[in-house]
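[1] Need a 3D model of the following:
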Amino acid sequence: MRLVVAEDAAVLREGLVGLLTDRGLEVTAAVGDPEALHEAVERTRPDAVVADIRMPPTHRDEGLRAAAALRGRHPGLGILLFSQYIETSHAHSLLADGPAGIGYLLKDRVLDVDEFVEALHRVVAGGTALDPDVISRLLRADAGRAALTPREDEVLGHMAAGLTNAAIAARMGVSQRAVEKHTAALFDKLGIPRTTAVHRRVQAVLHYLAASPR
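    Below is the predicted model of the structure:
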């Protein structure tokens, strides 16, 4: 896997490159600002970008906007953004065009290298990797969510994290058939039709993202 790392804090950037390299991943470039990120992606054509949301010059959402622009030019590019804080407005923006190939983790997740590398592989494969704490903030109680049972709500959280039914079953300690029943029930409660025109799992997650306070 070929990666470009974008993080303005030199110590964290170098540490992240070291961790990823030790796991056999190839870091084609490590940069500290959005302009250098654009140049590095165009020059090295990586499989994914790992970038801080807040970057120079204002340290607000430059990393997010750079990632969105890169996705527009390179639709297959995996994007894994991370932040020191849970920023729901940024998560909404990140997922607005669909969650495939997108990840959003908190910086302390980097300390769990196995989890971080797993998230990278999931994103490059076209999956989604959302931090559990981000999911909890996004999926706050609202009128629609109140209709879900605790088990259905838990299934939806794992679904938003990008887990398959089999992985959800293992995580919850239940059968895959039980997960399928919970999934079917939450689809019905959210009013998501059974049709080939929409991806029901994506619609379920985006429903809650759209309904969450920004």
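[2] what stretches of this protein score poorly on pLDDT?
    Within the chain, the segments meeting pLDDT under 70 span 86-98, 134-146, 195-198, 206-214.
[3] can you list the domain ranges for this protein.
    Here the domain parsing of the chain from automatic domain parsing is 2-131, 139-211.
[4] of all those domains, which gets the most neighbours per residue?
    domain 2-131 (a mean of 18; mean count of other C-beta atoms under 10 Å). Where C-beta positions appear, they are placed from N, C-alpha and C, glycine not excepted.
[5] Need the phi and psi values for residue 57.
    phi -90, psi -20 (degrees, to the nearest 10).
[6] how near is it to residue 43?
    Note on residue 57: its distance to residue 43, by C-beta to C-beta, to the nearest Å, is 22 Å.
[7] Please apply the same query to residue 34.
    15 Å.
[8] what does residue 161 give?
    In terms of C-beta to C-beta, residue 161 sits 33 Å off from residue 43.
[9] just residue 116 next, same as before
    25 Å.
[10] correct me, but residue 182 touches residue 155?
    Yes. Using C-beta atoms under 8 Å, residue 182 makes contact with residue 155 at a distance of 4.4 Å.
[11] Helix or strand next in line after the helix or strand where residue 152 lies, which one?
    If you go by DSSP states H and E, residue 152 is part of helix 150-160. Going down the chain from helix 150-160, the next helix or strand is helix 165-172, by DSSP H and E.
[12] Now do that next one: which elements does it pack against?
    Packing partners of helix 165-172 (3 or more C-beta pairs under 8 Å, 6 or more residues apart in numbering; DSSP states H and E): helix 150-160, helix 176-189.
[13] just the CA coordinates of the first one, formatted as PDB?
    Taking C-alpha atoms only, helix 150-160 is exported to PDB below (Å, rounded to 0.1, in the frame of the first residue of the first chain):
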ATOM      1  CA  PRO A 150     -30.800  -0.700  22.000                       C
ATOM      2  CA  ARG A 151     -29.700  -3.700  19.900                       C
ATOM      3  CA  GLU A 152     -30.700  -2.100  16.600                       C
ATOM      4  CA  ASP A 153     -29.000   1.100  17.700                       C
ATOM      5  CA  GLU A 154     -25.800  -0.800  18.400                       C
ATOM      6  CA  VAL A 155     -26.000  -2.600  15.100                       C
ATOM      7  CA  LEU A 156     -26.300   0.700  13.300                       C
ATOM      8  CA  GLY A 157     -23.200   2.100  15.100                       C
ATOM      9  CA  HIS A 158     -21.100  -0.900  14.000                       C
ATOM     10  CA  MET A 159     -22.600  -0.600  10.500                       C
ATOM     11  CA  ALA A 160     -21.500   3.100  10.400                       C
END
